[in-house]
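Novice: Sequence first, predicted coordinates after that:
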Protein chains: 2
Amino acid sequence: MVKGLSDFIRKAREERREFLYEYEAKEVLRYAGLCTTKQIVSKNVEEAVKAAEEIGYPIVLKIASPQVLHKSEAGGVLLNIKDSEGVRSGYTRILNNVKSKLPEAEIKGVLVQEMAPESTEVIIGAARDTQFGPTVMFGVGGIFTEVIKDVSFRVAPITVKEANEMIGEIKASKILEGVRGLPKADIQAISTIIVKVSELMLDHPDIEAIDLNPVLIYEDGAVIVDARFVLEEKKKPVREHPPVGELKPLLDPSSVAVIGASTNPEKIGHKILRNIVDAGFKGKVYPINPRGGEILGLKAYQSVLDIPGEVEMAVVIVPANLVPSVIEECTRKGVKGAVIISSGFRDVGPNGAELEKQFLDMARKGNLRIIGPNCQGVSNPRNGFCATWPIVDAVGNVAIISQSGSIALEIPTFLAANHSGYSKSIALGNKADVDEADLISLLAEDGETEVIAVYTEGMEDGRRLMEAIRKASSSKPVLVLKGGKTEAGRRAVLAHTGAMAGSREVFEAAVKQSGGLCREDLEELCDAAKTFSTLNIPKGNRLLVVTSSGGAGILSSDACEEAGLALAKVSESTIERLKEALPDYCILSNPLDLTGNAYSNPSMYRDALDIIIEDRGVDMILVVFGDPIPDAYDVICEQVKKAREYKIPLVANYIGGADIQEAEIDGLQKRGVPVFPTPKRAIRALSQLWNYHKQVTRLNGG
Amino acid sequence: MVKGLSDFIRKAREERREFLYEYEAKEVLRYAGLCTTKQIVSKNVEEAVKAAEEIGYPIVLKIASPQVLHKSEAGGVLLNIKDSEGVRSGYTRILNNVKSKLPEAEIKGVLVQEMAPESTEVIIGAARDTQFGPTVMFGVGGIFTEVIKDVSFRVAPITVKEANEMIGEIKASKILEGVRGLPKADIQAISTIIVKVSELMLDHPDIEAIDLNPVLIYEDGAVIVDARFVLEEKKKPVREHPPVGELKPLLDPSSVAVIGASTNPEKIGHKILRNIVDAGFKGKVYPINPRGGEILGLKAYQSVLDIPGEVEMAVVIVPANLVPSVIEECTRKGVKGAVIISSGFRDVGPNGAELEKQFLDMARKGNLRIIGPNCQGVSNPRNGFCATWPIVDAVGNVAIISQSGSIALEIPTFLAANHSGYSKSIALGNKADVDEADLISLLAEDGETEVIAVYTEGMEDGRRLMEAIRKASSSKPVLVLKGGKTEAGRRAVLAHTGAMAGSREVFEAAVKQSGGLCREDLEELCDAAKTFSTLNIPKGNRLLVVTSSGGAGILSSDACEEAGLALAKVSESTIERLKEALPDYCILSNPLDLTGNAYSNPSMYRDALDIIIEDRGVDMILVVFGDPIPDAYDVICEQVKKAREYKIPLVANYIGGADIQEAEIDGLQKRGVPVFPTPKRAIRALSQLWNYHKQVTRLNGG
């Protein structure tokens, strides 16, 4: 607890202020060991003159009033006052300005401040994000931050190293390196402030937001010129989450009851039962239908309680109002998990939310975990457990967690079309109980899962998500697509940082901070999942492109720069070897251009790759088939294996191939060479492998 | 010709200077009617004091020396000098600074300048682009321009309207609107300077670059504080281009000689002949082979001169050194056009370039036009003329012009896979004669072409390209993908603008200025071509999304904002009608969410679309099938037709459909509903329709 802060907060609360005065805020910062401009509050002109002399000219005068939030706009700030005469006239001017612009403002006095020498301005802010709690923002200069929105975020606590990353990742960071005659900024001084602000936010839950704006940065040190602390209105309760271990029955059950199974083929209650049967589920299946009888050749029970044996999990497809009683019966039966497909809960408003709470309370009491409601179910293709629709039969190592059902099934559909596959797919719907964090933690330990792909529109408790991602990321990549655009901060008037911290920017910063990889759209998510499902992680970012198309080579070079990969510099000895192995017309550079002659002479691909793979300067390879090369896989099959041995990820792009293109792409992908429709998509996918390498290194403290 | 300028240029040339002194440059600008800071050159301290008094304090001192290009960095600038004492000490300080940093610098004196009041700084620059000639750049503030590279370009001449667009399109343009207490800038004053700089560059070919940096902008007026004029070293000759009319035989010949036709099926000379035959060419085909005989059942001639009848065009596939004599024979035979596939010309260095010049000279004399050399040929699927490889048999209305052969064939391959097609595809290769501008002009008049898609790595004479695009764009969209990354300007040391104007930025600005649409990668180019080939141009940018997937709806909203489209606001009466027509669980908003229930009740798509199409607030529609909806086209077929009648472009996204997805996408596309793999790609493609609408309006002076 920083000295003075609790007193200031108490005083503000008493005065029904939602913020600290600037001089209070700066007092707090000074106690916290940070450098602020010297300041004295004056109640009249004479006090102001005295204060100015004590501080030393030039000085700044600023209005102190609880009603004046934007001091400059109210004419409440005068800079660079050089003598007592200036203080006298300035004092009057400020009061007149404020009185004419905001007649009701209660004037507490005028703050006399040291005038810090001009230098580069930065802004450091903090706000409590609704999902992630205390979050710190960094940006350069008022205009860069507010007009260009060139800022970076991290979730507190923030290490010095993370603070340095924040400073480095904004576009304008070059300004701090001292371009155009500007002084080189003291980066350490900035990161010290960031870390301290992060600590203040963590230690003082009463503070909702902090704005340090501007902070002047010098070659040696930094001075906080203006500071604003906004106090929190009220706290939000955090939901409890049971331990994760009990989730397994939901994804890999030995027996399942389909509650609401129907004889009508048009009904979801029928379709799901049929999918479980058709996908070849090997456990026991019990249709539940009040009319009993038989459905799809299986005996139907009137209640889950009537089933003779044990039931591990239930799929629930009954009208919303019946769900609580169904769940209650399930807990009595000892069912461990339920996937509730039915909608009509939180998704339809307060009445539905009440119903949702009802069955959740029952479930909690009975140790029953729930996926959904209002979800599209789950699928585990390895054991043929398809409690969703449609059936996507493509076993693989990508696990999908998606708030949206369509996306939960689209990713498997995409993977299947690309000769890849999935281990589990879970559609989360309303997330009454189980959420993304639960499942990421579970799948982190799942031996059948090597990649986790997540689509989410946000989480109530973002810190649990961060923990889960951090835990999983050290052993497998977590790819995240966030849906939902930036929301304006709810108290934008009081603090700039709040307004800047749209949910998406903070979300993506938090995912990155925890070791996850954010993707910008569904296609990028799918491409990355496909790539990680097949390829090794490279040891570096140096890409070599082998192409028969000069144009595709040029597009590759363009894409490489954008994606943060480097074109590998091939060694002299490799060039010598290539010269011997390839015809004269080949352009022995990177991209290595075999020219259109590859059409008549495809074995050049083989010869080129054989040599390139052995070059230690090459970390990954893109092969462009820019012609209808038949049997492309066969041409390079030995080299594909060799690249695997050398742990060099190899992908392909196949263009201009007319009729045979689709079959050729199929042939390559079937045998483990991911193919992308353009060089750009191939390179963007490869760049994710490299980004994951960096994330793992970072998580391991590298 | 601006007064004084020629004298200053002559003097600089005499003194072997490649630039004008600042005071000369500002003199020129003053004569041109622009406002600069007052200035007097002083040769000694007393002159400086006198000048300062004449100008009025505060003043600025700047070194005047031909060797000091970056005055600030050399310590050659002192700001805000307030009295004669300051002038005296400043004068000495500047000389000492410069002498210690650049001992050899020849000092011409010290410039005494008016100190303009602080305000927002902008930079206006101009450079001669290697492709487009005089080009003007605009940016805000030194740091925004140089660190963030937030600048805009236009090719001269520039109208006031275009200058205003330039000012509006930079990210930081909000600064000029007066945010954060900054003054609202006099936009007209800025555009006046831009237009004047554009005129100076056009009127004075001796000027290679102009830098006005900074220009201070006030609420009323602007003052140029520093100016630099760089003189050109030497001029580049411009190639002549014959009129376009003669190109038609190249793309739609009545007879063709395949010179270098081979009996060996592995050789390109065989493959092309076979493709011409296989694709069903209806004109006469004459194989030419020195050995005569028969190839593919056709009589082979030893020379084009031996052919009995007329020959309209020739495809040439002989070794490079034989090409000149082949072309010579062709001109003697009266052949009108040749596509030269052979490589080994400019592509292999100076010797090849000489060979290229040889055959080009012959062709010019004989009125023979040439595509290539070193190209992958041409294809016209409507008349079965496939002088390329592979055959892509998909007749449609997209014409492809591509410097790269693989890309020239990839776009038709993509279109074919999407049930669209092409009218002509031309691979340009070395562009010895025919280039993009020629073909765009030709295809602008082609009745079979409704969309032109271009891949280029740049043109020698960019202004011809601009003219061609301008001409074509009023009747059909010209989509352009530029390959090749930014090159550093060749004389970066002398002028910032030169360094900023990388080929790509200027290229894209020039395309846009002429009414074309730039795409950022091959996939975007293909998507846009497919969209334009099928859909109407909308009258506005208001999109309605109908979806069964909430997640896809959210991704659509996200994409909408990024792409510059607006989510349509549906009218109250439409909402009422929807309420009646659709079940309660539908979310009657935009996106209009039919929810997962659409899976069991797909006729909701029909009902919803039927009503939405009639809403006057809806300009385009995206339908998301977020479930395996079978026979999707049949469900909405009447509404697809209705949308066409209402001139509302309608596209679809089909996800999560497992096995049936591919066939369903196929079914929709076959019947004229373009389908995209993600909402983002669908919306990005739609946004191009809207951008084209805006371009046409602009070209028509709207």
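Specialist: Good, I have the coordinates.
Novice: how many neighbours does A:P205 have?
Specialist: 12 (other CB atoms under 10 Å in any protein chain shown). C-beta coordinates here come from the backbone N, C-alpha and C atoms, glycine included.
Novice: That one and A:G4, how far apart?
Specialist: As defined by CB to CB, to the nearest Å, A:P205 lies at a distance of 17 Å from A:G4.
Novice: Equivalent analysis for A:P287, please.
Specialist: Separation of A:P287 from A:G4 (CB to CB): 68 Å.
Novice: Which one's more surrounded, these two?
Specialist: More neighbours sit around A:P287 than around the other of A:P287 and A:G4, counting by other CB under 10 Å; the figures are 27 against 14.
Novice: and that one, that one's in a helix?
Specialist: No. According to DSSP: H, G, I helix; E, B strand; the rest coil, the state of A:P287 is strand, so it is not within a helix.
Novice: just checking, it touches A:Q302?
Specialist: No. Here A:P287 does not reach A:Q302: they are 10.5 Å apart, not a contact under CB atoms under 8 Å.
Novice: how far does stretch A:393-409 stretch from start to finish?
Specialist: This stretch, stretch A:393-409, spans 11 Å end to end (CA to CA, to the nearest Å).
Novice: Quick check, the residue in the stretch 301-450 of chain A closest to chain B?
Specialist: Distances from the stretch 301-450 of chain A to chain B, computed as CB to the nearest CB, single out A:S404 as the nearest residue at 2.3 Å.
Novice: how many other residues sit next to that residue?
Specialist: By other CB under 10 Å, the burial measure for A:S404, its neighbour count, is 29.
Novice: Give me the neighbour count for the nearest residue to it once chain neighbours are set aside.
Specialist: With CB to CB, 6 or more residues apart in numbering or on different chains as the measure, B:G551 is the residue that lies nearest to A:S404, at 2.3 Å, once sequence neighbours are left out. Close neighbours of B:G551, defined as other CB under 10 Å, add up to 29.
Novice: can you tell me the average pLDDT over the strand or helix carrying B:G551?
Specialist: Following DSSP states H and E, one finds B:G551 within helix B:550-563. In this model, helix B:550-563 has a mean pLDDT of 92.
Novice: tell me which residues in it are buried?
Specialist: For helix B:550-563, the buried set under the neighbour-count rule, 16 or more other CB atoms under 10 Å in any protein chain shown, comprises B:550-560, B:563.
Novice: For the stretch 151-300 of chain A, give the residue positioned nearest to chain B.
Specialist: A:K174 (4.8 Å).
Novice: Assess the claim that that residue and B:V147 are in contact.
Specialist: Yes. Using CB under 8 Å, A:K174 is in contact with B:V147, at 4.8 Å.
Novice: Is there proximity between stretch A:311-321 and chain B?
Specialist: No. Stretch A:311-321 lies out of reach of chain B by CB under 8 Å from any CB of the partner chain, never closer than 10.7 Å.
Novice: tell me how far that stretch is from the chain's mean position?
Specialist: In terms of CA atoms, centre = their mean, to the nearest Å, the centre of stretch A:311-321 is found 32 Å from the chain centre.
Novice: List the buried residues in that stretch.
Specialist: Using 16+ other CB under 10 Å as the burial criterion, the residues of stretch A:311-321 that qualify are A:311-318, A:320.
Novice: Tell me if the helix or strand where A:G125 lies is near chain B.
Specialist: Using DSSP H and E, A:G125 sits within strand A:120-129. No. In terms of CB under 8 Å from any CB, no part of strand A:120-129 sits within range of chain B; the closest distance is 9.4 Å.
Novice: Export stretch A:296-305 to PDB, keeping only CA atoms.
Specialist: Coordinates of each C-alpha in stretch A:296-305 appear next as PDB, following Å, rounded to 0.1, in the frame of the first residue of the first chain:
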ATOM      1  CA  LEU A 296     -33.200 -46.100 -34.400                       C
ATOM      2  CA  GLY A 297     -33.400 -49.700 -33.100                       C
ATOM      3  CA  LEU A 298     -32.400 -48.700 -29.600                       C
ATOM      4  CA  LYS A 299     -34.700 -49.100 -26.600                       C
ATOM      5  CA  ALA A 300     -35.900 -45.700 -25.400                       C
ATOM      6  CA  TYR A 301     -36.300 -45.000 -21.700                       C
ATOM      7  CA  GLN A 302     -38.800 -42.600 -20.200                       C
ATOM      8  CA  SER A 303     -36.300 -41.100 -17.800                       C
ATOM      9  CA  VAL A 304     -32.600 -41.300 -17.300                       C
ATOM     10  CA  LEU A 305     -33.500 -42.900 -13.900                       C
END
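Novice: Identify all contacting residues around that stretch.
Specialist: Applying CB atoms under 8 Å, 6 or more residues apart in numbering or on different chains, the set of residues contacting stretch A:296-305 from outside is A:257, A:259, A:261, A:270, A:273-274, A:277, A:285-294, A:307, A:311, A:314, A:326, A:329-330, A:332-333, A:335.
Novice: could you flag which of these are buried?
Specialist: Of the members of the contacts of stretch A:296-305, the ones counted as buried by neighbours, 16+ other CB under 10 Å, are A:257, A:259, A:261, A:270, A:273-274, A:277, A:285-289, A:307, A:311, A:314, A:326, A:329-330, A:333, A:335.
Novice: Hmm, A:R606 and A:E638 touching each other?
Specialist: Yes. Under the criterion of CB under 8 Å, A:E638 is in contact with A:R606, at a separation of 7.2 Å.
Novice: Between the two, tell me which one has more neighbours.
Specialist: More neighbours surround A:R606 than the other of A:E638 and A:R606, with 15 against 12 (other CB under 10 Å).
Novice: Against A:Y23, how distant is the more buried one?
Specialist: Summarising the geometry, the distance separating A:R606 from A:Y23, computed by CB to CB, is 75 Å.
Novice: Quick one: low-confidence residue ranges for the stretch 201-350 of chain A.
Specialist: When the per-residue scores of the stretch 201-350 of chain A are filtered using pLDDT under 70, the ranges that remain are A:234-239, A:244-245.
Novice: tell me which parts of it are close to chain B?
Specialist: Taking CB under 8 Å from any CB as the criterion, the neighbours of chain B within the stretch 201-350 of chain A are A:266-268, A:343-344, A:348.
Novice: Show me which of these are buried.
Specialist: Neighbour-count burial (16+ other CB under 10 Å) is assigned, among these, to A:268, A:343-344, A:348.
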